[in-house]
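1. prediction below, plus the sequence it came from.
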Amino acid sequence: GQSLEQPSEVTAVEGAIVQINCTYQTSGFYGLSWYQQHDGGAPTFLSYNGLDGLEETGRFSSFLSRSDSYGYLLLQELQMKDSASYFCAVRKGGQNFVFGPGTRLSVLP
Amino acid sequence: DAGVIQSPRHEVTEMGQEVTLRCKPISGHDYLFWYRQTMMRGLELLIYFNNNVPIDDSGMPEDRFSAKMPNASFSTLKIQPSEPRDSAVYFCASSFRAGANEQFFGPGTRLTVL
């Protein structure tokens, strides 16, 4: 079986830092991706962690701990445009990705 | 490049009708994916192709669903007959090569089955 868990909603203010967690239980694990999706839009790729540790891309960072079956997405210097849903996705093997339920982030002025 | 192209963007049909969704992947990408997104089930992988060959169709919900990729620049997802529970946003995505981490999603087709 497989399951991914994320908080359903997170709220933060502009300029703040927010962390979105993802825990997973899957048969097969090769890495963890993060995607952003604005309302009415398509998912867009943010980051991928194949190894333990922190990956940084501008204001966004992603972390993975394979031993804890846990990862997170860290968003710094929040902007209004960051209001969106964020999905973690486990790479099970090959190009087979299983997506989490998503976390809806609301950034308040 | 124009990105992944999907058509139609919106489709409204009646139960029992055949529905065909179309996708043009990014040129040069070897992998093509079909996903379905609903509030209840989230984003689900239905099927993916490598070099036009179906690799994993374990996510296809039932025999009413079929997907083809006759060439590197075109794929279809067909539902026959359609049912109200098929109402969802269907996304097509493509990626460059084996081991690529990023999938590029198309704008999606919003399907409503009445």
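-> Now that the structure is in, tell me what you want to look at.

2. element containing residue 22?
-> Unless you meant another one, I'm taking chain A. strand A:18-25 (DSSP states H and E).

3. look at chain B instead
-> strand B:19-24.

4. for that strand, which helices and strands make contact with it?
-> Other helices and strands packing on strand B:19-24, by 3 or more CB pairs under 8 Å, 6 or more residues apart in numbering or on different chains; DSSP states H and E, are strand B:5-7, strand B:10-13, strand B:74-79, strand B:88-95, strand B:109-113. Quick note: C-beta positions are derived from backbone N, CA and C, even for glycine.

5. list of residues touching it?
-> In this structure, residues lying in contact with strand B:19-24 by CB atoms under 8 Å, 6 or more residues apart in numbering or on different chains are B:4-8, B:11, B:13, B:32, B:34, B:73-80, B:82, B:86, B:90, B:92, B:106, B:109, B:111, B:113.

6. can I get the helices and strands packed on strand B:19-24 in CSV including distance to chain A and mean pLDDT?
-> CSV is the format used below for the helices and strands packed on strand B:19-24 (distance: least, CB to the nearest CB, whole Å; pLDDT from 0 to 100):
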stretch, distance to chain A, mean pLDDT
strand B:5-7, 9, 98
strand B:10-13, 12, 98
strand B:74-79, 15, 98
strand B:88-95, 6, 97
strand B:109-113, 9, 98
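
7. now residue A:65. Nearest residue, chain neighbours left out?
-> residue A:52 (5.8 Å; CB to CB, 6 or more residues apart in numbering or on different chains).

8. for residue A:17, that is, sorry about that
-> That would be residue A:76: by CB to CB, 6+ apart, it lies 5.0 Å from residue A:17.
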